[in-house]
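Undergrad: output the structure for:
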Amino acid sequence: METAVSTIWKVDTTHSEITFKVKHLVISTVTGKFNSFDALLESDGDNFEGANIKFNADIDSINTGVEDRDNHLKSEDFFAAEKFPKMLFVSKSFEKKADGTYKLIGDLTIRDTTNEVVLKVEHGGTVVDPYGQTKAGFELTGTVNRKEFGLQWNAVTEAGSIVVGDEVKLQLNVQVVKQ
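TA: So this is what the prediction gives:
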């Protein structure tokens, strides 16, 4: 539903990060991030409840700190970056749960598969920076099962350990700028 006066907030990519964590060999965790992404938030003024949020990340920008692993993640075994260059998220609801805490529900599309995800959101605050820009900060967390998005590849070690865990923890620290 469109409101009479909506406020557009654009992600400040220089002060935001999109990271994920996944178990490797069940004994350690690998952290990765997307270096190229964009997001837009449309709210009713400075009230974020009910905001519409759209987000996309360039799969080719995935970075785990190991080039061979990044190339494997971009391959058909995982994200198939050539066929599906972007990961997309479109919100369905953004509900205030408590002061500064929200529940975000939306559709996440990876490859050609879309599933509903639920993210916990903490609003860190809204301030005016030294240049007169109004900025708001959010930390979003949640978990998805990679296999539900068609990222099926795995291997088993000689001892029977799974190489890559199914559960992927998402952690997004996002700063948006009022337009």
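Undergrad: shaky segments in the chain?
TA: In the predicted model, the chain carries pLDDT under 70 at residues 1-4, 24-28, 152-165.
Undergrad: show me where it has strands.
TA: 7-11, 17-24, 28-34, 37-44, 47-58, 62-63, 86-98, 101-110, 113-128, 134-145, 164-178 (DSSP state E).
Undergrad: pairing partners for the first one, with directions?
TA: By that I understand strand 7-11. The strands that strand 7-11 pairs with in its sheet are strand 37-44 (antiparallel), strand 164-178 (antiparallel) (by DSSP bridges).
Undergrad: and those as a markdown table, adding distance to Pro130 and mean neighbour count?
TA: (C-beta placed from N, C-alpha, C; glycine too.) As requested, the strands paired with strand 7-11 are exported to a markdown table (distance: least, CB to CB, whole Å; neighbours: other CB atoms under 10 Å):
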| stretch | distance to Pro130 | mean neighbour count |
| --- | --- | --- |
| strand 37-44 | 22 | 18 |
| strand 164-178 | 13 | 18 |
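Undergrad: how far does stretch 104-119 sit from the chain's center?
TA: Distance of stretch 104-119 from the chain centroid (CA atoms, centre = their mean, to the nearest Å) equals 10 Å.
Undergrad: ugh, wrong one, I meant stretch 128-144
TA: With CA atoms, centre = their mean, you get 14 Å for stretch 128-144.
Undergrad: on that earlier part again, turn the strands paired with strand 7-11 into TSV, columns for distance to Leu108.
TA: Conversion of the strands paired with strand 7-11 to TSV gives the following (distance: least, CB to CB, whole Å):
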stretch	distance to Leu108
strand 37-44	13
strand 164-178	9
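Undergrad: quick one: closest of those to Lys21.
TA: strand 164-178 (4.4 Å; CB to CB).
Undergrad: got the angle between that closest one and strand 17-24?
TA: 170 degrees (axes from the mean of the first three to the mean of the last three CA atoms, to 10 degrees).
Undergrad: residues in contact with strand 164-178: which ones?
TA: Applying CB atoms under 8 Å, 6 or more residues apart in numbering, the external contacts of strand 164-178 come out as 7-12, 15-24, 26, 39, 41, 46, 119, 133-147, 153-155.
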